[in-house]
Structures are given as structure tokens and as C-alpha cells.
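Structure for the following, please:
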Amino acid sequence: MPAKSNDPFADMLAPPANETPAERQMREEMERAAKLRSDEIDEELKKERTALKSKRVMKLLLLGQSESGKSTTLRQFQLAYTPAAFKAERATWRGVIQLNVVRSIRLILDTVVDALDHQNGAAPSGDDDSSVDQVPLNDEHDRLRHRLDRLRDAESKLMAQIRAPAEEGDGFAQRVADKINQDAIQARADKELAVRANWKQPFQRLRLPGPRSSLDGGDEAFVDEPTEIIHELRQDMAALWNDPDVRELLRRRKVRIEEISGFFLNDLERVTARNYFPTSDDVLRARLKTEGVSEYVFQMEMPEARAHAAEWRIVDVGGTRSQRAAWMPFFDDANAIIFLAPISAFDQVLAEDRSVNRLEDSVTLWKQICQNKLLEHIELILFLNKMDILEAKLNSGVRLAKYVRNFGERPNDIETAAKYFRSKFHAIHREYSPQPRKFYCFTTSVTDVVQTSGILAAVRDIIIRQHLKESRLM
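Numbering: from 1, shown residues only. This is a model prediction of the structure:
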């Protein structure tokens, strides 16, 4: 096996170990073809950059592992600085939120079915004693899970709608995406639905009721089959979620469904209505995994933002390990990077590699970003994200020191934990940056509109100051 280099990005792109001569020949032929296409793209990008020099453009990259909050941060930017456009797109998120609801219920059902099978002796007994996690369930639980089986049909139809092919864009992100091995991107272990940036187009034709409509009836609304199924099963879903035995089973199995992105089970009556219309808060809380690279180009509607830049470009990239090679082409011309580290995930593992702790992965990735010489002149802005989930987890009795041994005997509270993580990430930033630079760090819960709007204003000012500095205007 070849020795690893000091450059982790080079290691990611190195030829596979132990490849056969035939595999090498095929790889080299593919690389030659890709090189030709890459040269064409580079020439197009060169022309594009030349044109951009005459305009005031701010370019911001959102980096971090999958489910770190990148897409939510982008939505917060849109809500804060292009509110009219954001509100106009709220209806397109209805299917996503419905899918989030169905996925949450399906996760509970999987746990209930497994418990019923063990209780009835249908499941094989492993080496571990599953009775420790068992809660006595009854025939009503069995009937409930059979009635909710129809959600499978709603789930498949919603996924088909969201996956529906849309017109391909021809912007910067789409052209650079040609360089990426899409087969590798789609080979994901968690089987979660993932979409590209243009997924909204098929939904923009739907006629949904306005936000002032009543919950049931009144306005003519687009009610498709998944909506009807979800509405008809709303009472069974509520019964499952509110069942004390089911809650105890989830607790014993350590299924913390409230911590999962896209959690709406406490709002079932509202979001399962036939003419449900998503609120801005719903859109921010919704979970939809993005793959590849998505570039959002817009002009901020706020006068104070337009005064400094005619155009803003925010690039949201996929965070799974197979997608990180797609980051490098976007480092050029970036004004700043927001790196999101979901520190509440200290007791979780990566979906694509369950041997890797999520917090350790974020720390490693932050180190790689800090030491990369391509980024030595770019402002790095750290979001220690999901503080709300971290606080709830610590308050529930989960001990941080059990998973982060260096935390030691410190108090197990949110203030101490935040201070600890900030110091650790700051130490990496200071030690591995190629040259000294200011450390920008915010503790965030990016689903919180009030808190995040203030943070984004500070981020905007940081980026503008850097832009003016580079333009020798400061």
C-alpha cells in the first residue's frame, strides 16, 4: 500500500491501491477524457472569472460533514436577505416535510416491529440479551403498525415526486459537477433520499392554499394521494407517537428521534392537514439531503447588503466522504468559508462509515481545512452548531466525558461544553493555519431564526470587510 502524503486531499484523489493492469488502463483512459473536459471547463471558468472582475461579487462556501446544518444555513441566508423569494418557495417544501413525518413514523415502526418480533419469539436471539431493551407491547400496537403500513405507499410516491427529473442547469456548479464521479456520490450506505439543487422545479406548479387558510377545507387546494394518505392516518400516527410504552421503548433503545433533522411529530395535527402550508420555521427545520454541489446566486434585497456587493454566491456542497473531493474547485475566488461542526453529535457515528465518530470526523476535517495552503488567505468562520440539541442531551443526563475523555471532570453543562469545544477548535486553527489569521467562532442553532439572523449579519460584515481589504479599499 502506498504511503500517505501530508496532503489529505491528495490522498483522497490518489489511485486505488492494488489496481490491476486492466483497471489501470481503464482509469487512465477515463482520466484522459476527463482531462479534456476539465480543460474545457477551466477555459469557461477563466472567461467567467474575467467577467466577474468587473462586478462586485461575494462568494461564500458552506463546508462540513453531512447533516451539519449547511443547507439550513443557506435557507437562513435566503430568509434574512431575500425574504420575498424565500416566502415564494415555501409551498415547494410541503412534500419534503410530509416525507420527514413519514420517515420519523417509519423509524418508530421499525423499532416497534423489532420489539414485537422479539416478544413473540419470531426474531432470532443474538449474543446480547434483547430483553434489557424490551417493553411489553400488546395487540393494539400490532394493529396500529398494520394500519400504518399504508405509509410505505405515501413514502414511495413522495420520494418519486421529489426525485422527479428537472431541467439541468448550465451554471458554474453544474459544469464543475461534470468532474465528479457521480457513481461514487450515489453509493451511500444510509439509503437516504438525496437530491440536486433543482429538485424544486416540479413542485412549483402545485396550487397550495395560502398561509391564512383553515386547517380543513375552505380553499381549493392541491391534495395528492400522499397528502390524502397522511391525513387519513394522522390519528394513528399521533397515537403511536404519544403512546407511553412506545416512548419508553424508544428511550431504552436510545432512539432519540427528537434529535433527528426534520422532526415534526409534535406538530402532527397541523402538518397532516389536507391544505397544510409550510411556515418559514417549517422550511428551516425540514431535512433534505443534497448531493453534489449546488450554487445559489442572488442579489440581496436589503439595501445595506446591496451597497457592498451587486451579487452574492453561496455554494452548498455535499458533506459525505465520497463528495468532499468536489470542494476543491470552489476554493478559488472564495471570500470566506463557513465551516459547520455539529458538536451535539459527539455520541454518534457517520452514516457512511459507522466506525468513525462524527465529532472526530468534524475535528479532522477542520484541521484539513485550516492547514490547506489554498485557503490561507480565506476567512474561516466556524459554526459550533446544534447547540440546542447538545443542551437537551446534556440535560437528559448524557455525560460528555464518557465520549470525550479529555473533557474530564468538568461540569456537564452547556456553557462549559461550549467553552471546551471552542478552545479545542481554536487551538487547531492557531496551530495548523499556514499563517496567523483571526479566529471567528459562533455557537449556533441554525434552525433558530432570531439567533441566526444576528449571527449572519456579523458574518456578512466579516465577508464585506475582507472583500474591501482585498480590493485595497480599507
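
Report the buried residues of stretch 262-277.
With burial defined by 16 or more other C-beta atoms under 10 Å, the residues of stretch 262-277 counted as buried are 262-265, 267-268, 271-277. Heads up, the C-betas are built off the backbone N, CA and C, glycines and all.

Just to be sure, which of these are found in helices?
When DSSP state H is applied, these are split such that 268, 271 fall in helices.

Of the buried residues of stretch 262-277, which is the nearest to C370?
Among these, G262 lies closest to C370 (C-beta to C-beta), at 30.9 Å.

Quick check: the closest one touching V283?
No - counting by C-beta atoms under 8 Å, G262 stays clear of V283, with 11.1 Å between them.

Going by residue numbers, what spans are helices in the stretch 51-200 of the chain?
70-81, 83-88, 94-119, 139-147, 151-163, 172-177, 182-186 (DSSP state H, counting those that start in this stretch).

Tabulate those helices (CSV), appending mean pLDDT, distance to R287 and mean neighbour count.
As requested, the helices of the stretch 51-200 of the chain are exported to CSV (pLDDT from 0 to 100; distance: least, C-beta to C-beta, whole Å; neighbours: other C-beta atoms under 10 Å):
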stretch, mean pLDDT, distance to R287, mean neighbour count
helix 70-81, 90, 9, 23
helix 83-88, 88, 18, 13
helix 94-119, 93, 5, 20
helix 139-147, 93, 23, 14
helix 151-163, 89, 12, 18
helix 172-177, 44, 21, 21
helix 182-186, 36, 19, 12
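
Show me the one of these that comes nearest G408.
Closest among the helices of the stretch 51-200 of the chain, once you apply C-beta to C-beta, is helix 70-81, at 31.5 Å.

What ranges in the stretch 351-474 of the chain fall below the confidence cut-off?
Segments of the stretch 351-474 of the chain classed as low confidence (criterion: pLDDT under 70) are 467-468, 470-474.

quick one: the strands in it?
379-385, 440-443 (DSSP state E, counting those that start in this stretch).

most tightly surrounded among these?
Ranked by mean neighbour count, the strands of the stretch 351-474 of the chain are led by strand 379-385 with a mean of 24 (mean count of other C-beta atoms under 10 Å).

packing partners for that one?
Identification of packing neighbours for strand 379-385 by 3 or more C-beta pairs under 8 Å, 6 or more residues apart in numbering; DSSP states H and E yields strand 336-342, helix 358-371, helix 414-432, strand 440-443, helix 449-470.

tell me the most buried of these?
Compared across the helices and strands packed on strand 379-385, strand 336-342 shows the largest average neighbour count, a mean of 25 (mean count of other C-beta under 10 Å).

That one pairs with which strands?
Next to strand 336-342 in the sheet, as set by DSSP bridges, lie strand 57-63 (parallel), strand 379-385 (parallel).

From L288, how far out is the spatially most central residue of the chain?
Among the residues of the chain, the one closest to the centroid is E67, at 3.5 Å (C-alpha atoms, centre = their mean). Distance, E67 to L288, by C-beta to C-beta, to the nearest Å: 11 Å.

what's the answer for M159, then?
11 Å.

Repeat that for Q348.
Taken as C-beta to C-beta, the span from Q348 to L288 is 20 Å.

Same check on R24?
From R24 to L288 the distance is 39 Å (C-beta to C-beta).

what's the answer for N406, then?
For N406, the distance to L288 equals 35 Å [C-beta to C-beta].

Between these two, point out the one with more neighbours.
Legend: neighbour count by other C-beta atoms under 10 Å for N406 and L288, higher for L288 (19 against 8).

Skipping adjacent residues, who's closest to that one in space?
Excluding the flanking residues, the one nearest L288 by C-beta to C-beta, 6 or more residues apart in numbering is V96, at 5.0 Å.

so what sits against both of M159 and L288?
Residues touching both M159 and L288 (C-beta atoms under 8 Å, 6 or more residues apart in numbering): L193.

what's around the closest residue to the residue nearest to the centre of the chain other than its chain neighbours, how many residues?
With C-beta to C-beta, 6+ apart as the criterion, E67 has its nearest non-adjacent residue at 5.9 Å, and that residue is S261. Residues lying near S261 (other C-beta under 10 Å) number 19.

you'd agree S261 is up against K289?
No - assessed by C-beta under 8 Å, S261 is found out of contact with K289, at 9.1 Å.

Show me the common contact partners of these two, please.
Counting by C-beta under 8 Å, 6+ apart, the residues touching both S261 and K289 are E67.

Okay, domains of the chain per the record?
For the chain, whose domains are defined here by automatic domain parsing, the residue ranges read 56-87+289-473, 90-175+191-285.

closest one to D39 among those domains?
Closest approach to D39 among those is made by domain 90-175+191-285 (12.3 Å; C-beta to C-beta).

First-to-last residue distance for that closest one?
End-to-end distance for domain 90-175+191-285, by C-alpha to C-alpha, to the nearest Å: 12 Å.

Could you give the separation of that domain from the chain centroid?
17 Å (C-alpha atoms, centre = their mean, to the nearest Å).

likewise stretch 321-333?
Distance of stretch 321-333 from its chain centroid, counting by C-alpha atoms, centre = their mean, is 16 Å.

Average pLDDT for that stretch, rounded please.
For stretch 321-333, the mean per-residue pLDDT is 75.

Now do the buried residues in that stretch.
So stretch 321-333, judged by 16+ other C-beta under 10 Å, has buried residues 321-327, 329-331.

which of these lies closest to P434?
Checking those against P434 by C-beta to C-beta gives F331 as the nearest, at 13.5 Å.

so the closest one touches K373, yeah?
No - F331 is beyond contact range of K373, at 10.3 Å (criterion: C-beta under 8 Å).

and the residue nearest to V255 when sequence neighbours are not counted, how far is that from L240?
Nearest residue to V255, sequence neighbours excluded (C-beta to C-beta, 6+ apart): T111, at 5.6 Å. With the distance defined as C-beta to C-beta, T111 ends up 10 Å from L240.

Check I428 too.
Taking C-beta to C-beta, one finds I428 at 44 Å from L240.

With M30 instead?
Distance, M30 to L240, using C-beta to C-beta: 49 Å.

Look at these two and report which has more neighbours.
Between M30 and L240, L240 has the larger neighbour count (other C-beta under 10 Å), namely 22 against 11.

by contact count, what packs against whichever strand or helix holds that one?
Assigned by DSSP states H and E, L240 belongs to helix 234-242. For helix 234-242, the packing partners by 3+ C-beta pairs under 8 Å, 6+ apart come out as helix 94-119, helix 139-147, helix 268-271.

Of all the strands of the stretch 351-474 of the chain, which one is nearest L250?
Minimum separation from L250 across these (C-beta to C-beta) falls at strand 379-385, 24.3 Å.

pretty sure L233 contacts D149?
No - under the criterion of C-beta under 8 Å, L233 is not in contact with D149, lying 9.8 Å apart.

okay, those two: which has more neighbours?
More neighbours surround L233 than the other of L233 and D149, with 21 against 10 (other C-beta under 10 Å).

Identify the residues contacting that one.
Contacts of L233 by C-beta under 8 Å, 6+ apart are 147-148, 150-151, 272.

on that earlier part again, out of the buried residues of stretch 262-277, flag the one nearest to Q76.
Closest to Q76 out of those is G262 (16.0 Å), distances taken as C-beta to C-beta.
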